[in-house]
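**Student:** please work out how this folds:
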Amino acid sequence: MAFDHRELRAFIAVCESGSLGRAAALANMSQPALSRLIQQMERRFGHPLFDRHSKGMSPTTTGQALLPFARLLLFEMEQASEALNFLTGHSRGTVRVGAVSSVARDMLPGAMNKLFSQIPNIRVELLESTDRRLLEALVNREVDIVLAPDLPAHDDIMSVGRCGYEDEYVVFCSATHPLAEAEPGLEQLLTQSWLMTPPGTTPRYLFENLIHRAGGTTPKIDIETSAPGALIAFVVHSERLGWLPKPLIRADLEAGRVKLLPIPELVQRRSFFAYMRRRGSLPSPVRQLLRIVTLTED
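**Tutor:** Sure thing, here's the model as predicted:
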């Protein structure tokens, strides 16, 4: 069964917006034209794709079954068009990459400089976020590759190589903290107040796992945030302790705003990997970036 991109775009827009009016704006077409496209698709299928109700439209069982394939088909059509335009010089090519904070701020700038030297006219879209958000973005085709530590297992995602980059989580405090010039042990640190990412996040799990392996009890955590910049700022201006990848606090270390607290039990080294979707192709500039950032490429 054949589809064209206008039908796919119209169908997806109605699924995502729940109404013809909002979908028409998303698909950049008139409401009557969008309605005709949906009706044409339903006649070809022989089944309704949407339930119509007073508050809008929702996909039927058939519509729900079609949605992931529609997204894949539209995405591949757009990728093919961009690849051809890139080869003929009519497009700069786009690299859409997701990365956790330490990779985005420490490793990726140098890799991107190398990529720009090889392909000068590309455009880069970067999503910096947590590993779970990056997995979601990769599955939903918001990005083409993700650079992160071990991601949760997912049937649609695979690792395509290990990055030539590592970091480590370390304990740090304000330069004015009473412990800044001391040599405290783990037991003393666990009596302090801490800043940490929220429960359920990977850093929080790693932190609590290290403490339990060392025979300790999770300390008082009275401020929670997933924003590294905010966490560092709170540490600088309080007597709370923080735990972040060392690259994220490097500037504050060099400026003398924070101090490391060398506690071996709470040092966590991390390796990083490149991930892509199992189905679908990668644009040429993205494949080139993979060659730059990975030690091996499957």
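**Student:** now G63: closest residue in space, sequence neighbours ignored.
**Tutor:** Nearest non-adjacent residue to G63, counting by CB to CB, 6 or more residues apart in numbering: L49, 4.0 Å away. All C-beta spots, glycine's among them, are computed from the backbone N, C-alpha and C.
**Student:** please report phi then psi for the one you found.
**Tutor:** Backbone geometry at L49, expressed as degrees, to the nearest 10, gives phi -100, psi -20.
**Student:** ok, now which ones touch it?
**Tutor:** F11, I38, M41, E42, P59, T60, T62, G63, L66 (CB atoms under 8 Å, 6 or more residues apart in numbering).
**Student:** pretty sure the third one sits against E7.
**Tutor:** So the one you mean is M41. Yes - because the distance of 5.6 Å satisfies CB atoms under 8 Å, M41 is recorded as touching E7.
**Student:** number of nearby residues for F50?
**Tutor:** F50 is flanked by 20 other residues according to other CB atoms under 10 Å.
**Student:** can you map out the strands along the protein?
**Tutor:** Per DSSP state E, the chain carries strands over the ranges 50-53, 56-59, 94-99, 123-128, 145-148, 157-174, 193-196, 220-224, 242-245, 258-261, 268-277.
**Student:** where do the helices of the chain begin and end?
**Tutor:** Ranges of helices in the chain, per DSSP state H, are 5-17, 20-27, 31-45, 61-87, 101-102, 108-118, 131-139, 186-189, 202-213, 228-236, 246-254, 284-293.
**Student:** helices or strands next to the last one in the packing?
**Tutor:** Under the contact criterion of 3 or more CB pairs under 8 Å, 6 or more residues apart in numbering; DSSP states H and E, the helices and strands touching helix 284-293 comprise helix 61-87, strand 94-99, helix 108-118, strand 145-148, strand 157-174.
**Student:** just the C-alphas of it, formatted as CSV.
**Tutor:** Coordinates of each C-alpha in helix 284-293 appear next as CSV, following Å, rounded to 0.1, in the frame of the first residue of the first chain:
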residue,chain,number,x,y,z
SER,A,284,26.2,10.6,6.1
PRO,A,285,27.3,13.4,8.5
VAL,A,286,26.0,11.4,11.5
ARG,A,287,28.0,8.3,10.4
GLN,A,288,31.0,10.5,10.1
LEU,A,289,30.5,11.8,13.7
LEU,A,290,30.3,8.2,14.9
ARG,A,291,33.7,7.5,13.3
ILE,A,292,35.1,10.4,15.2
VAL,A,293,33.7,9.7,18.7
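**Student:** and the angle for that helix with strand 123-128?
**Tutor:** Relative orientation of helix 284-293 versus strand 123-128 (axes from the mean of the first three to the mean of the last three CA atoms, to 10 degrees): 60 degrees.
**Student:** and the contacts of helix 284-293?
**Tutor:** Contacts for helix 284-293 (CB under 8 Å, 6+ apart): 83, 86, 93-97, 107-108, 111-112, 114-115, 118-119, 122, 144-145, 147, 160-161, 163-165, 274, 282, 297.
**Student:** low-confidence ranges in the stretch 151-298 of the chain?
**Tutor:** The stretch 151-298 of the chain contains residues with pLDDT under 70 at 296-298.
**Student:** one more: the stretch 1-150 of the chain?
**Tutor:** By pLDDT under 70, the low-scoring segments of the stretch 1-150 of the chain are 1-3, 76-92.
**Student:** related to what we said a few turns ago, for C173, find the nearest of the helices of the chain.
**Tutor:** helix 228-236 (6.4 Å; CB to CB).
**Student:** pull out the buried residues from stretch 263-276.
**Tutor:** Of the residues in stretch 263-276, I263, L266, Q268, R270, F272, F273, A274, Y275, M276 count as buried by neighbour count, 16 or more other CB atoms under 10 Å.
**Student:** what is the nearest of these to M196?
**Tutor:** For these, the residue nearest M196 by CB to CB is L266; the value is 11.9 Å.
**Student:** my understanding was that the closest one contacts F172; is that so?
**Tutor:** No - L266 lies out of contact with F172 (CB under 8 Å); the separation is 10.6 Å.
**Student:** on that earlier part again, who wins for neighbours among the contacts of L49?
**Tutor:** F11 (27 neighbours).
**Student:** surely that residue touches Q39?
**Tutor:** No - counting by CB under 8 Å, F11 sits too far from Q39 to count as a contact (11.4 Å).
**Student:** ends of stretch 220-237, how far apart?
**Tutor:** 18 Å (CA to CA, to the nearest Å).
**Student:** tell me how far that stretch lies from the chain's centre.
**Tutor:** Here stretch 220-237 is found 21 Å from its chain centre; the criterion is CA atoms, centre = their mean, to the nearest Å.
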